[in-house]
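**Student:** predicted model follows, preceded by the sequence.
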Amino acid sequence: MARAAVLWFGKAMSAVPLRTMTDAAAGQRVVTVLGATGSIGDSTMDLVRLGGERYRVEAITAHQNVEALAKLAREFNVRFAAIGDASKLDELRDALAGTNIGYGAGESAIIEAAARPSDWLMAAVSGAAGLKPALAAVDRGATIALANKECLVCAGDIFMQRAARAGATILPADSEHNALFQALASGNREELTRVIITASGGPFRTWSVAEIEQATLAQALKHPNWSMGQKITIDSASMMNKGLEVIEASYLFALTPDEIDVLVHPQSIVHGMVEFSDCSVVAQLGAPDMRIPIAHCLGWPERITGPAQKLDLAKIGSLTFETPDFSRFPGLRLAYDALRAGKGATTVYNAANEVAVAAFIGERIRFGAIARLVESTMNEMVRTGSMSTPATADDALAVDHNARKTAETLLPQIALKAS
Ligand code: NAD
Ligand code: MG
């Protein structure tokens, strides 16, 4: 399957020039953080804080937590703060009283935050809700650290084509893709044979199908290695996260599904590997701390000093690897199916998963039903002729909307059906 635009690849990426900094006179890099109050946002603000005068924060956004947003806005003396929930405008105004900080509420305010000039933007909204804001940054040719993988799964070709057109630079902040990004610099496209992304296997790595079926929310939220937001933690337990990441890798690096392998690696030390034609495998390693890939994006194309723990391999002792089990984690298989099917199937995969995760959190379905709902939604969309290749972001969001409606319709029968 041919994928569209590649912004950089292998050795070629060293030729991508660093953009002129907006506050070049002050020697500052101007940054914006979408989803500043989340887990990735928190790690990003931590790095910006440590960088002191090297950075100036243009804009930050959050969904509902006005208090946390206003606290960050005051600390970093940002120029603009946006809250996604439109009903919280007055609350945000009060929280910023006595400052010169501009503010806004609703989706348009989040888009405004993304569209304001900055050298570097972290896209760390959770879910496809982050697509339009991220595209606003893409269209102004920004350098974007992309954590928000659902943007790509929802509208990958469109996202990458728009980035190529606008001259935007997409830096992968997801740890596995950041590892691939670093390893890819060892060779050229025609020399690549495959990439491998690792998965911790999550809390249910050794569980039976029957145990996984009945897993509770508390059990799903206990990730063995990473501390992350709620949605991605549940996605990790179902291995839907790895499915989203297979699709993300395909769009980011223009790879076919056959060129992307997954290896379960419970220690989460090796994040990604690239295999070249001479059978060399180049890997990136590091502690499971998102500040490492984020620091790589923030400093890129240079390296900054990071606060994460240094890797002590002797202390870790052994690194182990396993083949993923598609029968216990069908969500991963479905991601490959969606990629191979094309025609908006990855958009449907993501949308149905977002509905399923929300339904699981709301105790409307069992854990094991998450993948069943995604599969049924994909099948139903094919059956009703509702699958079509999105040509624009609005098309992708229409498919996303349809898929959510279909998933909601299928929910009651999925909830009743045991595995
Ligand atoms: P999180 O839930 O901790 O934070 C999400 C952020 O987005 C918050 O600031 C929230 O206020 C904001 N947000 C949520 N819904 C929104 C909406 N509808 N409109 C506007 N803002 C909204 O999530 P996270 O763990 O930080 O993950 C963020 C993204 O990064 C996800 O796409 C996730 O898959 C990806 N990612 C996360 C990690 C991690 O370690 N946490 C690692 C790799 C990739
Ligand atoms: Mg990841």
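**Tutor:** Cool, the structure landed. Ligands and ions are numbered 1, 2, ... in the order given.
**Student:** what residue of the chain is the furthest out?
**Tutor:** In the chain, the greatest distance from the average C-alpha position (Cα atoms, centre = their mean) is reached by G98, at 35.5 Å.
**Student:** list the contacts of the nearest residue in space to R56 that is not next to it in sequence.
**Tutor:** In space, and not counting its chain neighbours, R56 is closest to Q28: 4.6 Å by Cβ to Cβ, 6 or more residues apart in numbering. Backbone N, C-alpha and C define where each C-beta goes, glycine included. Shown in contact with Q28 (Cβ atoms under 8 Å, 6 or more residues apart in numbering): M21, E53, R54, Y55, R56.
**Student:** and which of the residues you listed is nearest to ligand 2?
**Tutor:** Nearest to ligand 2 out of the contacts of Q28 is Y55 (Cβ to the ion; 24.5 Å).
**Student:** shouldn't the closest one be in contact with V31?
**Tutor:** Yes. Contact status for Y55 versus V31: in contact at 5.4 Å, counting by Cβ atoms under 8 Å.
**Student:** which residues do those two both contact?
**Tutor:** Residues touching both Y55 and V31 (Cβ under 8 Å, 6+ apart): V48.
**Student:** who has more neighbours, those two?
**Tutor:** V31 (28 against 20; other Cβ atoms under 10 Å).
**Student:** is that one located within a strand, as I assumed?
**Tutor:** Yes. According to DSSP: H, G, I helix; E, B strand; the rest coil, the state of V31 is that of a strand.
**Student:** would you list every one of the helices in the stretch 101-250 of the chain?
**Tutor:** Ranges of helices in the stretch 101-250 of the chain, per DSSP state H, counting those that start in this stretch, are 107-115, 131-139, 149-166, 175-184, 209-213, 217-220, 230-238, 240-253.
**Student:** would JSON lines of the contacts of Q28 with pLDDT, distance to ligand 1 and secondary structure be doable?
**Tutor:** Below are the contacts of Q28 laid out as JSON lines (pLDDT from 0 to 100; distance: Cβ to the nearest ligand atom, whole Å; DSSP: H, G, I helix; E, B strand; the rest coil):
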{"residue": "M21", "pLDDT": "47", "distance to ligand 1": "25", "secondary structure": "coil"}
{"residue": "E53", "pLDDT": "95", "distance to ligand 1": "25", "secondary structure": "helix"}
{"residue": "R54", "pLDDT": "96", "distance to ligand 1": "23", "secondary structure": "helix"}
{"residue": "Y55", "pLDDT": "97", "distance to ligand 1": "19", "secondary structure": "strand"}
{"residue": "R56", "pLDDT": "98", "distance to ligand 1": "20", "secondary structure": "strand"}
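**Student:** which two in these are spaced the farthest apart?
**Tutor:** Distances among those were taken as Cβ to Cβ; the most separated pair is M21 and E53, at 13.0 Å.
**Student:** what is in contact with those two at once?
**Tutor:** G27, Q28.
**Student:** how near is V125 to T216?
**Tutor:** Noted for V125: a distance of 27 Å to T216, by Cβ to Cβ, to the nearest Å.
**Student:** picking up where we left off before, now, which of the contacts of Q28 sits nearest L244?
**Tutor:** Nearest to L244 among those, with distances taken as Cβ to Cβ, is Y55, at 29.4 Å.
**Student:** got the contact list for the closest residue to the closest one other than its chain neighbours?
**Tutor:** Closest residue to Y55 apart from its sequence neighbours, by Cβ to Cβ, 6+ apart: V48 at 4.9 Å. By Cβ under 8 Å, 6+ apart, the residues touching V48 are V31, V33, Y55, V57, F76, L298.
**Student:** tell me what the helix or strand hosting A396 is packed against?
**Tutor:** Take DSSP states H and E as the rule and A396 turns out to sit in helix 393-416. The contact analysis (3 or more Cβ pairs under 8 Å, 6 or more residues apart in numbering; DSSP states H and E) places helix 393-416 against helix 131-139, helix 149-166, helix 345-361, helix 369-383.
**Student:** pick the most deeply packed of the helices of the stretch 101-250 of the chain.
**Tutor:** Across the helices of the stretch 101-250 of the chain, the average number of neighbours (mean count of other Cβ atoms under 10 Å) peaks for helix 240-253, which reaches a mean of 27.
**Student:** contact residues of the stretch 251-400 of the chain facing ligand 1?
**Tutor:** M290 (Cβ under 6 Å from any ligand atom).
**Student:** A strand includes I60, no?
**Tutor:** Yes. Applying three-state DSSP, one finds I60 inside a strand.
**Student:** show me what it bridges to in the sheet.
**Tutor:** On the basis of DSSP bridges, I60 is bridged to V33, A81.
**Student:** for the closest residue to ligand 1 within the stretch 101-250 of the chain, give me its contacts.
**Tutor:** Closest to ligand 1 within the stretch 101-250 of the chain is G229: 2.5 Å, counting by Cβ to the nearest ligand atom. Residues in contact with G229, defined by Cβ under 8 Å, 6+ apart, are G38, S39, I40, S126.
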